[in-house]
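[1] Dropping the sequence and predicted coords here.
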Amino acid sequence: MDVFVEQSTLREQRPVIYNVCNYARPQAGQSALLSWDEVITLFHEFGHTLHGLFASQRYASLSGTNTPRDFVEFPSQIFEHWASQPQVFAHYAKHYQSGEPMPEALRDNMLRAATFNKGYDMSELLAAALLDMRWHTLSTTALPDEVDAFEQKILRDEQLDLAAVPPRYRSSYFSHIFGGGYAAGYYAYLWTQMLADDGYQWFVEQGGLTRENGQRFREAILSRGNSTDLAELYRQWRGHDPQIEPMLKKSRVECVGPFRTDTITGARCPVISIFLSQTAAKFLANMNPSMLKNCRVIELHFSRHDIFHVHRVEPRSL
């Protein structure tokens, strides 16, 4: 998504927004079909579009998507939720030849498959975000001599030195650390995901996709740009500060108990439950213990839904 003309009441300008989609060209005579990832991306970018189209501010510099990076992805990510909503899904998920709606069993399987490796993805993002932040909190008088050694120390300190989840980016080619507007801001991906997942719960609590709920979101969030403190903006709309539990649930990572005592360190630590497929759980159960050096595996069992729960204690105390 990008902008040809930014909204401004001062200049009497209405927004002109565009999206450019890079889809695979179909074979001659065939229809252009989208993968599920491409559908999610389409909804995501259209969320940005609505953020720009519904802007209603005096100054263009405070209008639409001209917000900090740790907020601008909130409207786009919350819009991703609508792609799988039954009343929306039914409008577009049809066989391209017969026009028949996608069978419910196929839809359910597709959505379950979309949760695969969510814990792995979150670990990668956390490692990258923390590495980025640690580079930017260094003192100019304490710059490391060895980049690789510094990086490994950070991962160890943050309990993310996991052989099973190697870093997605290394400092020597992680361009987001120093360029593109992401410096000390890579955390924004996870932060705005938390906003979006918690914000989606507002719609659930208020009765789902209704015109009234959409209008309230438009007036309280989409039209406001960067015209006020964004934490307060969210709080006024949502009724409270963002909560992390909806994101953990969506990511298949949930707190399942208050605290347990780490038998090695004696620390009081939160208990995390990671939902895995049977294949992944069996792999984990047979994994070399050295690959789990930062995880204390406490229980491994079947749930009644035939999905493994792996309970682990985070090594870091609170």
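    In hand now; what should we look at?
[2] all contacts plus neighbour counts: C-alpha atoms, from now on.
    Fine.
[3] middle-most residue in this protein, spatially?
    Most central in the chain under Cα atoms, centre = their mean is residue 193, positioned 3.6 Å from the mean C-alpha point.
[4] Could you double-check that that one lies in contact with residue 74?
    Yes. Look at residue 193 against residue 74 with Cα atoms under 8 Å: they come within range, at 6.7 Å.
[5] just to revisit the earlier point, which residues touch the residue nearest to the centre of the chain?
    73-74, 77-78, 247 (Cα atoms under 8 Å, 6 or more residues apart in numbering).
[6] Give me the PyMOL select line for these, limited to the buried ones.
    Listed next is the PyMOL selection for buried residues among these, using 16 or more other Cα atoms under 10 Å:
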select buried, resi 73+74+77+78+247
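[7] would you turn the contacts of residue 193 into CSV with distance to residue 226 and pLDDT?
    Formatted as CSV, these follow (distance: Cα to Cα, whole Å; pLDDT from 0 to 100):
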residue, distance to residue 226, pLDDT
73, 13, 93
74, 13, 96
77, 18, 95
78, 18, 96
247, 24, 88
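[8] Which of the contacts of residue 193 sits closest to residue 222?
    Of all the contacts of residue 193, residue 74 has the smallest distance to residue 222: 10.0 Å, by Cα to Cα.
[9] Can you name the next helix or strand after the helix or strand where the residue nearest to the centre of the chain lies?
    Per DSSP states H and E, residue 193 falls inside helix 188-205. Past helix 188-205, further along toward the C-terminus, the next helix or strand under DSSP H and E is helix 211-217.
[10] Low-confidence bits of this structure, can you list those?
    Across the chain, residues meeting the criterion (pLDDT under 70) sit at 253-318.
[11] one step back: CA atoms of the helix holding residue 193 as CSV?
    Taking C-alpha atoms only, helix 188-205 is exported to CSV below (Å, rounded to 0.1, in the frame of the first residue of the first chain):
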residue,chain,number,x,y,z
ALA,A,188,7.1,-3.5,16.3
TYR,A,189,6.1,-6.6,14.4
LEU,A,190,5.3,-8.5,17.6
TRP,A,191,4.0,-5.4,19.4
THR,A,192,1.4,-4.6,16.7
GLN,A,193,0.5,-8.3,16.5
MET,A,194,-0.4,-8.1,20.2
LEU,A,195,-2.4,-4.9,19.5
ALA,A,196,-4.3,-6.6,16.6
ASP,A,197,-5.0,-9.9,18.4
ASP,A,198,-6.2,-8.0,21.6
GLY,A,199,-8.2,-5.6,19.4
TYR,A,200,-9.9,-8.4,17.6
GLN,A,201,-11.2,-9.6,20.9
TRP,A,202,-13.0,-6.2,21.2
PHE,A,203,-15.0,-7.2,18.1
VAL,A,204,-15.7,-10.6,19.6
GLU,A,205,-16.9,-9.1,22.8
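[12] Distance-wise, check residue 247 relative to residue 159.
    From residue 247 over to residue 159 the distance is 21 Å, taken as Cα to Cα, to the nearest Å.
[13] My error: substitute residue 115 in the last question.
    From residue 115 to residue 159 the distance is 24 Å (Cα to Cα).
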